[in-house]
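Engineer: I'd like to go over a predicted model; first the sequence, then the structure.
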2 protein chains.
Amino acid sequence: MSIAKLHNLYVDYLHQNAFSGAPNNLYEPMRYIMELGGKRIRPILCMTGAEACGSEAEHAIEVAHAMEVFHNFSLVHDDIMDRADQRRGLPTVHKKWNEPTAILAGDNLLVKAYESILAFQGEGKDAILRLFSRTAAQVCEGQQDDMDFAERNEVSEAEYLQMIQNKTAVLLGCSLASGALVANAEDKIVQGLYDFAIAIGMSFQMMDDYLDAFGDASKTGKVSGGDIMEGKKTWLYIKSCEINAETPSWFAQYEHEQRVIAVKSQWINMGLDQLILQKAREYNQEGLRILSALAEQGVKTDGLTEILDFLSGRSH
Amino acid sequence: MSIAKLHNLYVDYLHQNAFSGAPNNLYEPMRYIMELGGKRIRPILCMTGAEACGSEAEHAIEVAHAMEVFHNFSLVHDDIMDRADQRRGLPTVHKKWNEPTAILAGDNLLVKAYESILAFQGEGKDAILRLFSRTAAQVCEGQQDDMDFAERNEVSEAEYLQMIQNKTAVLLGCSLASGALVANAEDKIVQGLYDFAIAIGMSFQMMDDYLDAFGDASKTGKVSGGDIMEGKKTWLYIKSCEINAETPSWFAQYEHEQRVIAVKSQWINMGLDQLILQKAREYNQEGLRILSALAEQGVKTDGLTEILDFLSGRSH
């Protein structure tokens, strides 16, 4: 199935399986966050993984749903930690309700993610549960690292890449690999698909950093230079420090839009805009290499190629 | 095994399986809360359930651990919601570290509870995971109800009992029943043990309410009348409103120790101290009835009787 069809399949499932229960103050915020929208890339990856290994998208639907529910759990809790007021132009759960309710709604989403995997009937269930649990712990570790890094003066490139991988890429890996496990794929195929999703996840994250600094705000819909204004330790910041020890002083010297203008011009002079695009391309190429190896092993790679194009072709 | 032996068995396991991993800012608070102590009643219940159904305590150890880890997850998150500064005389996790770390450490404890069940190798695993997930959702529901009730003027006795059951008793039921599932016990035995633990959990909770209002502070180690001072909607408060509509005005008229003295003397005049003890006894008797039915079905009830005595014989 195409990405568009898988998207519709999942959204229909989501509407037919909206969380219900009492008290309403617990279940309404859970429905609210699930309905905020988004690309639904994780369930799409999961169903694509199942199809790539000879199963049907529908067979993977509960596991696919678990990945999206887990993602939404992490959004609700991260928004509390990051003191974010808005998500997709609407109030975050802790703003619309309150922090205790947001903590509980997140907790219950995490439980419901496990329940959705438990609803899957198939041999691969135990392996999926183990991979999912390992992934969930890594996501927590990545978020704690991210908070720790904000307090530190120096963060190495390797530490940053590990943090980003845990915080965002491993759930993509888990989603795709879980689909393969639904289809009872062999271990080396499951691992290959996992590595592929990690690679495109890292590429996506590099593009995210690139677009935040150098993207066209009219296309991205985000304030250009938001990370620079916040002084976030992104890959660009870390690389800039490596190349020029003056980097922190550029940040200290200016504020707001002035800082964005000053830092961007330095970074363009240093060639960092090209360097990060190069880094993103390298991850993409790694993904392509893994993909052709998988194709030789009998994996149907059409859907995976479509996802790669979908994620890397973006200007937003 | 006796309660004391099971306690030692579990605490040894806990020390040998202390959570480890990076970053330390995530794993240290997890170890901290697990090491704060306590009766370890949930793992003891789980291992007793396994023994009562013909298995060995050691066989249930991972599942028993999961119950204690889940309990500690709920403590960490509840303490944030309740703005509690201390637990067992030491700072709560969000006080010793901070709220974001406490949210994440709790999240990771919930994941680790699932991982501990996944480490169990046995037929009953899937049923344990399902019961555990249902229980975890109920605990969230109970906590949200508790917060909702604080904002409401009227709460019925039935609503209160349901909330208390979800918030505290179902995890005891899950712990004991999971032990029976480890031993591959029949469904009706599992259900009987679940109901038994619910009954003693409710009895324990009634005694908790009783002791808070009428207990000897020198024995309980808690401030006498803490619930009254806070104006908490306990069973005593709800029952008092049922019997005398003036109840809220007694609370409004006085504050602090004065309120405790005034309310307690009204409640003793109304016979509420005896009524709540009667209620606790009724739950205990229900537990005993279930126990003798289980004994007739071949369940070894010695350990369960010891737990019943241990929990109901307390003055603290």
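Structural biologist: Looks like it arrived, so ask away.
Engineer: which one is residue A:105 nearest to, not counting chain neighbours?
Structural biologist: Nearest residue to residue A:105 in three dimensions, chain neighbours excluded: residue A:29, at 4.1 Å (Cβ to Cβ, 6 or more residues apart in numbering or on different chains). C-betas here are computed from N, CA, C, even on glycine.
Engineer: the one you found: neighbour count?
Structural biologist: Residues lying near residue A:29 (other Cβ atoms under 10 Å in any protein chain shown) number 26.
Engineer: what's the distance between the strand or helix carrying it and the middle of its chain?
Structural biologist: Residue A:29 belongs to helix A:24-34 when assigned by DSSP states H and E. Centroid separation between helix A:24-34 and its chain, computed with Cα atoms, centre = their mean, to the nearest Å, is 22 Å.
Engineer: other SSEs contacting that helix?
Structural biologist: helix A:61-81, helix A:93-96, helix A:99-119, helix B:125-151 (3 or more Cβ pairs under 8 Å, 6 or more residues apart in numbering or on different chains; DSSP states H and E).
Engineer: for that helix, which positions count as buried?
Structural biologist: By 16 or more other Cβ atoms under 10 Å in any protein chain shown, the buried positions in helix A:24-34 come out as A:25, A:26, A:27, A:28, A:29, A:30, A:32, A:33, A:34.
Engineer: spell out which residues make up each domain of chain A.
Structural biologist: Chain A breaks down by automatic domain parsing into domains covering A:1-156, A:186-316.
Engineer: residue A:241 contacts residue A:250, correct?
Structural biologist: No - Residue A:241 is beyond contact range of residue A:250, at 10.4 Å (criterion: Cβ atoms under 8 Å).
Engineer: tell me the one of the buried residues of helix A:24-34 nearest chain B?
Structural biologist: Chain B lies nearest to residue A:26 out of the buried residues of helix A:24-34, by Cβ to the nearest Cβ, at 4.1 Å.
Engineer: not counting its neighbours along the chain, what's nearest the closest one?
Structural biologist: Per Cβ to Cβ, 6+ apart, closest to residue A:26 is residue B:144, 4.1 Å.
Engineer: tell me the contacts of that neighbour?
Structural biologist: Taking Cβ atoms under 8 Å, 6 or more residues apart in numbering or on different chains as the criterion, residue B:144 is in contact with A:23, A:25, A:26, A:101, A:104.
Engineer: and the third one, what is it in contact with?
Structural biologist: Contact criterion Cβ under 8 Å, 6+ apart gives A:101, A:104, A:105, A:108, B:140, B:141, B:144 as the residues in contact with residue A:26.
Engineer: how many neighbours does the second one have?
Structural biologist: The one in question is residue A:104. Per other Cβ under 10 Å, the neighbour tally for residue A:104 reads 26.
Engineer: mind listing what it touches?
Structural biologist: Contact analysis of residue A:104 by Cβ under 8 Å, 6+ apart lists A:26, B:77, B:81, B:140, B:143, B:144.
Engineer: may I see these organised as a markdown table, with pLDDT added?
Structural biologist: Below are those laid out as a markdown table (pLDDT from 0 to 100):
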| residue | pLDDT |
| --- | --- |
| A:26 | 98 |
| B:77 | 98 |
| B:81 | 97 |
| B:140 | 98 |
| B:143 | 97 |
| B:144 | 98 |
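Engineer: before we move on, the earlier item: which of the buried residues of helix A:24-34 sit farthest apart?
Structural biologist: The distance between the two most remote of those (Cβ to Cβ) is 16.0 Å, for A:25 and A:34.
Engineer: need the residues of the stretch 101-250 of chain A near chain B, please.
Structural biologist: Taking Cβ under 8 Å from any Cβ of the partner chain as the contact definition, the stretch 101-250 of chain A meets chain B at A:101, A:103-104, A:106-108, A:110-112, A:114-115, A:118, A:125-126, A:129-130, A:133, A:136-137, A:140-141, A:143-145, A:147-148.
Engineer: give me that answer again for 7 Å
Structural biologist: A:101, A:103-104, A:107-108, A:110-111, A:114-115, A:118, A:129-130, A:133, A:136-137, A:140-141, A:143-145, A:147-148 (Cβ under 7 Å from any Cβ of the partner chain).
Engineer: report the next helix or strand after the host helix or strand of residue A:295 in sequence order.
Structural biologist: Here residue A:295 sits within helix A:272-296, counting by DSSP H and E. Sequence order places helix A:302-312 as the next helix or strand after helix A:272-296, per DSSP H and E.
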